[in-house]
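1. quick one, structure for this:
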Amino acid sequence: MRHSGFVRNFESTLRLLCERGHRIHVAFLNDDRHWLVDTTNVAEQLCNEYPLFSRGTAPVRDDAWGVLGRDLRGRLDYLRYLTPFYRDAPRLRARAANDVSAATLRMTERGPLGTRPGLAVLAAWYRLLERSIPVSGQIDAFVAEQEPDVLLISPLIEPGSPQREYVRAARARQIRTVLCVGSWDNLTNKGLIHGPVDHVTVWNAYMKKEAVELHRVPPDRVTVTGAQQFDHWFGWAPSSSREAFCTRVGLDADHPYLLYLCSSKFVAPDEAGFVRQWIRQLRESSSPRLRSAGVLVRPHPQNEEQWSRFDASDLTNCAIYPRAGAIPIDAASKAEYFDSIYHSAAVVGINTTAEIESAIVGRRVYTLLAAEFHETQVGTVHFHYLREAGGGLVHVARDFPEHLLQLDAALRAGVEDDGRCRRFVEAFIRPHGIDAAATPKLVDAIETAAVRPAIDGRPSRVAARLLRPILRRRAARAEREAAVRLEEKAAERRIKSQLVKEQKKRQRKARKRGRTEAGEPA
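-> Numbering: from 1, shown residues only. Now for the predicted structure:
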């Protein structure tokens, strides 16, 4: 795993693997505990609970070959966004362009290499070069020391895919490899699966199609398991009454409330301004239900800074809670999160995983196709699953008048599911049946992959022998260019580090203020 924040997506899987008697070692490319999404140090908890579980640090390939590999994979990742499939995804294409050189951008914008046949030839050339890179001695030694029966990898599809070097080392040793896809957007708005890998596990048939058609994985090497990270929500119950919850967050319990679940910074960089406009539309509507309904806004924990300066004093029956956002990772934060959805009359969001979790709880979900979020709603593939999977989860409005009519109808109808939530969950989250947990399915798939013969994904020895003299020169040049870029980004990292410190400070102050407002000890 890249860092400890990914453990929470696979906690139930790791637990069940240990309970079935498997030895598990989790290695992080970045051993620093992720301060935001791993607040409880889940890996350390697992170490204390299971003698078969251990954790450690995985070396990152940083020699000239490693730099070249990341450069080539970054180019391949960018080329995918130039295909017709991503014609309407300018924001995704622009993000991928940040990881390639200006020369690559110029080469693919005009001339013969900018055509569809030219791009296909260029991609084939980059793949051939990338697969001819030799195995890292350091990573090979690390893999040999662990002696795994199967190498599980997640997420793998990040820009430049540094985890690809572990697939390369496993291939050379004929060790089976399994990519466990961690989230619903991973296969469409990140990088490619740089492999080949022996097996891929996905949530549903939609994602299997992505793996086959977008990443060229043979269908018989993709298993649909369901979404294991949501299993725990199916047995959850509210921890407090609606009246107690409304009092705690600062809403009038005499009126139903709408829950607005915020999105990530990539999706909605200026969401606070939109939310203020949205609330004003509610208060100025012709519906007395909408004018009096409570509004609970839950900031995204990785996009919370805009909410620290959001003044809601002029907005009646409105609360921002928790002010600094919170990832539901421990019992208390999960209970708070679940209660916010469970006690709501309906949920509103732009494009966020929280809409999926709302479907599990059984609350209707609504969205507005806002012009300012066009590129991160209809311009992303995974958003369309909210509209289409299982017949569609979200009630979509094209303008505010339509949206207000939908919300007014939701308040009249009450909290009873209209069938959309269940159909979506059965299609997208639990495709083996709504009562069939995904975690055992995923563990079964891993165990099956572990006993199958490993595929031979090693590069042609002849091609490697012919290409490596060329690659050595390119690797040396890539290393020099990377050193220059590293110096340029050093100042950016220092600025980002300072911003993170300030963010932590704001979150501490917001949590303290929230406890004070709730009458709890500071």
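2. would you confirm that residue 437 contacts residue 234?
-> Yes - between residue 437 and residue 234 there is a contact under CB atoms under 8 Å: 7.4 Å. In this view, the C-beta of every residue, glycine as well, is placed from N, C-alpha and C.
3. domain assignment for this structure?
-> Residue ranges for the domains of the chain, per automatic domain parsing: 1-58, 64-131+460-517, 148-227+436-459, 232-429.
4. of those domains, which stretch is the most buried?
-> domain 148-227+436-459 (a mean of 20; mean count of other CB atoms under 10 Å).
5. pLDDT of that domain, averaged?
-> Averaged across domain 148-227+436-459, the pLDDT comes to 95.
6. would you list the phi and psi of the residue most central in space within the chain?
-> Nearest residue to the geometric centre of the chain (CA atoms, centre = their mean): residue 183, 4.9 Å. Main-chain torsions, residue 183, degrees, to the nearest 10: phi -150, psi 160.
7. got it, and residue 56?
-> According to degrees, to the nearest 10, residue 56 has phi -170, psi -170.
8. let's see the pLDDT reported for it.
-> 95.
9. make sure it is actually in contact with residue 25.
-> Yes - using CB under 8 Å, residue 56 is in contact with residue 25, at 6.6 Å.
10. in the stretch 51-200 of the chain, which spans are strands?
-> For the stretch 51-200 of the chain, applying DSSP state E, counting those that start in this stretch gives strands covering 53-57, 150-153, 176-180, 199-202.
11. in TSV, list those along with distance to residue 483.
-> Formatted as TSV, the strands of the stretch 51-200 of the chain follow (distance: least, CB to CB, whole Å):
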stretch	distance to residue 483
strand 53-57	24
strand 150-153	28
strand 176-180	31
strand 199-202	35
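12. residue 32 is nearest to which of those?
-> strand 53-57 (9.6 Å; CB to CB).
13. and that closest one, what does it pack against?
-> On a contact count with 3 or more CB pairs under 8 Å, 6 or more residues apart in numbering; DSSP states H and E, strand 53-57 meets strand 24-28, helix 42-49.
14. could you export the ones you listed as a markdown table, including distance to residue 483?
-> Shown next, in a markdown table, are these (distance: least, CB to CB, whole Å):
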| stretch | distance to residue 483 |
| --- | --- |
| strand 24-28 | 25 |
| helix 42-49 | 33 |
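15. quick one, which of the ones you listed is nearest to residue 109?
-> It is, among the helices and strands packed on strand 53-57 and with distance given as CB to CB, strand 24-28, at 37.7 Å.
16. for that closest one, output the C-alpha coordinates as CSV.
-> Extracted in CSV, the C-alpha atoms of strand 24-28 (Å, rounded to 0.1, in the frame of the first residue of the first chain):
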residue,chain,number,x,y,z
ILE,A,24,-0.2,-11.1,6.4
HIS,A,25,2.5,-8.5,6.1
VAL,A,26,1.5,-5.0,5.0
ALA,A,27,4.2,-2.8,3.6
PHE,A,28,3.8,0.9,3.1
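17. can you give me how far that strand is from the chain middle?
-> Counting by CA atoms, centre = their mean, to the nearest Å, strand 24-28 is centred 20 Å from the centre of its parent chain.
18. likewise for stretch 346-359?
-> 14 Å.
19. quote the end-to-end distance of that stretch.
-> 10 Å (CA to CA, to the nearest Å).
20. need the longest helix for the chain.
-> helix 461-517 (DSSP state H).
21. same for that helix, what does it pack against?
-> Partner elements for helix 461-517 (3+ CB pairs under 8 Å, 6+ apart): helix 64-80, helix 116-131.
22. mean confidence score for the shortest one?
-> Summarised as a single mean, pLDDT over helix 116-131 is 94.
23. what's that helix in contact with?
-> 69, 72-73, 75-76, 79, 82-84, 107-108, 111-113, 194, 459, 463, 467, 470-471, 474 (CB atoms under 8 Å, 6 or more residues apart in numbering).
24. tell me what angle it forms with helix 461-517.
-> If you take axes from the mean of the first three to the mean of the last three CA atoms, to 10 degrees, helix 116-131 sits at 90 degrees to helix 461-517.
25. adding distance to residue 141, write the domains of the chain out as JSON lines.
-> Below are those laid out as JSON lines (distance: least, CB to CB, whole Å):
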{"stretch": "domain 1-58", "distance to residue 141": "12"}
{"stretch": "domain 64-131+460-517", "distance to residue 141": "15"}
{"stretch": "domain 148-227+436-459", "distance to residue 141": "9"}
{"stretch": "domain 232-429", "distance to residue 141": "34"}
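26. out of those, flag the one nearest residue 142.
-> domain 1-58 (6.5 Å).
27. ok so, going back, quick check: the residue nearest to the centre of the chain touching residue 9?
-> Yes - counting by CB under 8 Å, residue 183 does reach residue 9; the two are 7.2 Å apart.
28. in stretch 140-147, what counts as buried?
-> Along stretch 140-147, these residues count as buried under the neighbour rule (16 or more other CB atoms under 10 Å): 140, 142, 143.
29. and the closest residue to residue 148 other than its chain neighbours, what does it touch?
-> Closest residue to residue 148 apart from its sequence neighbours, by CB to CB, 6 or more residues apart in numbering: residue 175 at 6.0 Å. Residues near residue 175 by CB under 8 Å, 6+ apart: 143, 148, 149, 150, 151, 454.
30. could you do residue 324 as well?
-> 299, 301, 304, 307, 308, 506, 507, 510, 511.
31. need those in a markdown table with pLDDT, can you?
-> Shown next, in a markdown table, are the contacts of residue 324 (pLDDT from 0 to 100):
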| residue | pLDDT |
| --- | --- |
| 299 | 96 |
| 301 | 90 |
| 304 | 85 |
| 307 | 91 |
| 308 | 83 |
| 506 | 77 |
| 507 | 71 |
| 510 | 73 |
| 511 | 66 |
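32. output those as CSV; include the columns distance to residue 347.
-> Output for the contacts of residue 324, formatted as CSV (distance: CB to CB, whole Å):
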residue, distance to residue 347
299, 15
301, 17
304, 19
307, 18
308, 23
506, 26
507, 24
510, 23
511, 24
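33. of these, which is the nearest to residue 227?
-> residue 301 (20.0 Å).
34. so the closest one touches residue 36, yeah?
-> Yes - with contact defined as CB under 8 Å, residue 301 counts as touching residue 36 (6.3 Å).
35. could you give the angle of the lowest-mean-pLDDT helix or strand in the chain to helix 64-80?
-> When the helices and strands of the chain are compared on mean pLDDT, DSSP states H and E, helix 461-517 comes out lowest with a mean of 75. Helix 461-517 and helix 64-80 are oriented at 80 degrees to each other (the same axes, to 10 degrees).
36. from the chain's centroid, how far away is helix 461-517?
-> 19 Å.
37. just list the residues touching residue 32, thanks.
-> residue 3.
38. ok, 10 Å please
-> 3, 4, 38, 57 (CB atoms under 10 Å, 6 or more residues apart in numbering).
39. and the two most separated of these?
-> Applying CB to CB across the contacts of residue 32, the maximum distance is between 38 and 57, 14.9 Å.
40. just the helices from the stretch 201-350 of the chain, written as ranges.
-> Ranges of helices in the stretch 201-350 of the chain, per DSSP state H, counting those that start in this stretch, are 205-215, 242-249, 271-283, 288-292, 331-342.
41. in PDB, could you pull the C-alpha coordinates for the second one?
-> Once non-C-alpha atoms are left out, helix 242-249 reads as follows in PDB (Å, rounded to 0.1, in the frame of the first residue of the first chain):
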ATOM      1  CA  ARG A 242     -33.200  12.300  16.200                       C
ATOM      2  CA  GLU A 243     -34.000  14.900  18.900                       C
ATOM      3  CA  ALA A 244     -30.800  14.400  20.700                       C
ATOM      4  CA  PHE A 245     -28.800  14.500  17.400                       C
ATOM      5  CA  CYS A 246     -30.400  17.700  16.200                       C
ATOM      6  CA  THR A 247     -29.800  19.400  19.600                       C
ATOM      7  CA  ARG A 248     -26.100  18.300  19.500                       C
ATOM      8  CA  VAL A 249     -25.400  19.700  16.000                       C
END
